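Enquirer: got a predicted structure plus its sequence, pasted below:
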Amino acid sequence: MKKNFNIFEFLIVIIVIGILSLITYKQFALAQGKSRDLQRRSDLHEFSKIIKLYYSDYKKLPDEELINSLWGKSFIDSGYTYADSVPKEKKGDKEYCYQIGEDGVSFKMSAEFENKSDFDCKKDGQLCNGIKYCYTDIIYVNKTTE
């Protein structure tokens, strides 16, 4: 005797496949967000090296207005190209933020993470130029360059 699937069994299979697809999609989206957060962290780390290079040339940190106007553009000063393209936020609604520390030898680089459960994403956030960011890295320039 040959047994055929009835409509109820077919619907169960479709529902199970739909649930598995939804779980897989959410995990894929979470992995993409984590990957973009890692890229944000890397962008800020690499750009902090450029800020340190500027500091070693001028013995001062670049102005906040200057750096915060350069996201996605070239950073050229006195004919010297520090960066062909300053990193730019690609997905979020907040651009990166640069802020000079009160001591004059440190600066903050801030970004908004998609993965709010990231260990470095602070729930209360930090203000940078009046905008709250969940991720802020404080970098100290090498004092031996003074």
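Expert: Nice, I can see it.
Enquirer: pull the contacting residues for residue 57.
Expert: residue 80 (Cβ atoms under 8 Å, 6 or more residues apart in numbering). All C-beta atoms are positioned from the backbone trio N, CA, C, and that covers glycine.
Enquirer: quick one: it from residue 78, how far?
Expert: According to Cβ to Cβ, to the nearest Å, residue 57 stands 9 Å off from residue 78.
Enquirer: over to residue 72?
Expert: The gap separating residue 72 from residue 78 is 21 Å, by Cβ to Cβ.
Enquirer: for the protein, which residues score under the pLDDT cut-off?
Expert: Within the chain, the segments meeting pLDDT under 70 span 1-5, 143-146.
Enquirer: which parts of it are strands?
Expert: 75-77, 80-83, 97-100, 106-111, 126-128, 131-133, 135-140 (DSSP state E).
Enquirer: residue 72 and residue 78: which has the busier surroundings?
Expert: Per other Cβ atoms under 10 Å, whichever of residue 72 and residue 78 has more neighbours is residue 72, with 12 against 6.
Enquirer: pull up the gap between the residue nearest the centre of the chain and residue 120, please.
Expert: Central residue check for the chain by Cα atoms, centre = their mean: the C-alpha nearest the mean position is that of residue 40, 2.6 Å away. To residue 120, residue 40 is 11 Å away according to Cβ to Cβ.
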